[in-house]
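Asks: A structural model of the following input is requested.
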Amino acid sequence: MRKVLLLIAALLAAAAVSNAEVRLPSVLGDNMVLQRNSEVNLWGWSTPRKKVKIKTSWNHKKYRVRSDEEGKWLVKVATTDAGGPYSITFSDGKKTRLENILLGEVWICSGQSNMEMPVQGFLGQPCLHAAETMREARMYPDIRLFTVARDSTDVPKDDCVGEWFCSDPKTVGAFSAVGYYFGRCLNQYLGVPIGLITTNWGGTNIEAWMSPESNKKLGVDEEYTAKNWDEYYFPGSVLYNGMVVPIENFTAKGFIWYQGESNRGNYKEYADMQAEMIRQWREAWGDEKMPFYITQIAPYRYSGPEKRRSALLVENQIKATEMVPYCAMASTTDVGTYSLIHEPDKLSVGERLAWLALSRDYGIEGVPADAPTYKSMEIIDGKAVISFNNLCEPNDQSDPRSFNWLDDQGQVVRSVKGFEIAGADKKFRPAKARLLWSDNQVEVWSDEVKTPVAVRYCFNNYSETNLKTTLGQPVVPFRTDNWVIPEEEID
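Replies: The predicted structure is shown next:
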């Protein structure tokens, strides 16, 4: 009798194996976008040491892969030009079929609450243009959206919770505003499908998004950081484990990042941490040249608008872009608000990030990709004359990259806001400034500073400013000095 029972059990097990169904991670699903003209990863689980058959409809190719002793498998498949909809069939006893797949451009959107903030806004905190954006959502059927559910864990996960959605008023309203506007701008310029994967969590520090190896490499002091953050502090790597590792196999073009507010407390280390995170994420995705575009943290009052901690964080964001290749920063100097840390103009932020990608990665000419940055200072007759990068040569009428003589209300800019000036005493005073239009320069002075030595522009938590280019790019905050800032001015 015992032999009969064992035989029956074996037969049942064999039948179960023969009818096994391939299991896929949630990020591989209906409605997804795969990176065009590439070799993309497909992966999942099956019975250990079982052959999995895969067929892609865009080129009618067939692939075979055998799962390992744990049932895991991964195969690279070739993609073609942008298009769709297509399907993928997986077979291991039973068939699994994914439908409505597009080939196009895939980007990962990550960060804290300013990346998380959806098109429909937070409670009592709106996003500009939300209603019309949601109304027009169905005009962009080739934009597909995936949000990684929150998951904080000490152990790396092999899957996450999420689902691919097509663009409609509800799904767009609930999706990252910066991410959506970035993707929509790409879609408008390129005319190809865009896949957006957003993995974000408000109030989180960069250490939580880094691998354990990266945190160890940087010598992150968990005891110190735990004392210097509030209840939003996350220990190192817990979000990387739960919200990055599960999507690392998903082949993508690049990353956009909006984070830094929660690292103002350790701004001195931020450039090294950002650079290491970029290096490690690229390594995880298997491409050391993946573009990575960061967002300048927007102006906000914090502990006082005149304090300088945010400016010092921005200074380290800029430094990070100089430390690693294929990286740049989108400026937000003009979109911050005094009383809301979640600035409402996510359209400008998303499009400025898209302009960087369009210019650098897709060869689109004519987009206003780079914001003006400080270049040099010259003292002439007791006034500081500031020159900038990313502006056209003086009097070049064929190039519109010049300062705008009009403010947001269409009024002539009589004086430029946001400047301070200091002499040898290192005491900064509010400065007057005016555009030298024919030279694309700004002249800065103060009656209280007879011999200027240094100039700062929007180098504090929050400043009113009106210095933009004709195409709307705001000047990035800067200082011409490298003086040590007293602690009482920082906080």
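Asks: contacts, neighbours, all on C-alpha from now
Replies: Will do.
Asks: elements contacting the helix or strand containing residue 434?
Replies: Per DSSP states H and E, residue 434 falls inside strand 432-436. Applying 3 or more C-alpha pairs under 8 Å, 6 or more residues apart in numbering; DSSP states H and E, we find strand 432-436 packed against strand 441-445.
Asks: one step back: parallel or antiparallel, list what pairs with the strand holding residue 434.
Replies: Strand pairing for strand 432-436, determined by DSSP bridges: strand 441-445 (antiparallel).
Asks: C-terminal to the strand it pairs with, what's the next element?
Replies: strand 454-457.
Asks: sort out which residues of that next one are buried, please.
Replies: Neighbour-count burial for strand 454-457, counted by 16 or more other C-alpha atoms under 10 Å, picks out 454-457.
Asks: over to stretch 423-442 now: how far is its first residue from its last?
Replies: The straight-line separation of the ends of stretch 423-442 (C-alpha to C-alpha, to the nearest Å) is 18 Å.
Asks: buried stuff in stretch 343-361?
Replies: Buried, per 16+ other C-alpha under 10 Å, within stretch 343-361: 343-360.
Asks: burial of the closest residue to residue 308 other than its chain neighbours, as a residue count?
Replies: Sequence neighbours aside, residue 460 is the residue nearest to residue 308 in space, at 4.0 Å (criterion: C-alpha to C-alpha, 6 or more residues apart in numbering). Per other C-alpha atoms under 10 Å, the neighbour tally for residue 460 reads 25.
Asks: residue 188 too?
Replies: Count around residue 188 with other C-alpha under 10 Å applied: 11.
Asks: show me the contact partners of the longest helix belonging to the chain.
Replies: Secondary structure of the chain per DSSP state H: the longest helix is helix 267-285. Contact with helix 267-285 is made by 206-207, 209-211, 214, 218, 248-252, 263, 288-290, 292, 309, 312-313, 316-321, 323-324, as judged by C-alpha atoms under 8 Å, 6 or more residues apart in numbering.
Asks: and the residues you listed, which of them are in strands?
Replies: Among the contacts of helix 267-285, DSSP state E puts residue 292 in strands.
Asks: element containing residue 88?
Replies: Per DSSP H and E: strand 83-92 holds residue 88.
Asks: and the angle from the helix or strand just after that strand to strand 83-92?
Replies: Using DSSP H and E, the helix or strand that follows strand 83-92 towards the C-terminus is strand 94-111. On the basis of axes from the mean of the first three to the mean of the last three C-alpha atoms, to 10 degrees, strand 94-111 is oriented at 130 degrees to strand 83-92.
Asks: and strand 94-111, average pLDDT?
Replies: Regarding strand 94-111, the rounded mean pLDDT is 97.
Asks: next, the buried residues of it.
Replies: Buried residues in strand 94-111 (16+ other C-alpha under 10 Å): 98, 101-111.
Asks: then stretch 273-284?
Replies: For stretch 273-284, by 16+ other C-alpha under 10 Å, it's 273-282, 284.
Asks: name the residues that touch the strand holding residue 88?
Replies: 18-22, 46, 50-58, 95-104, 192-193.
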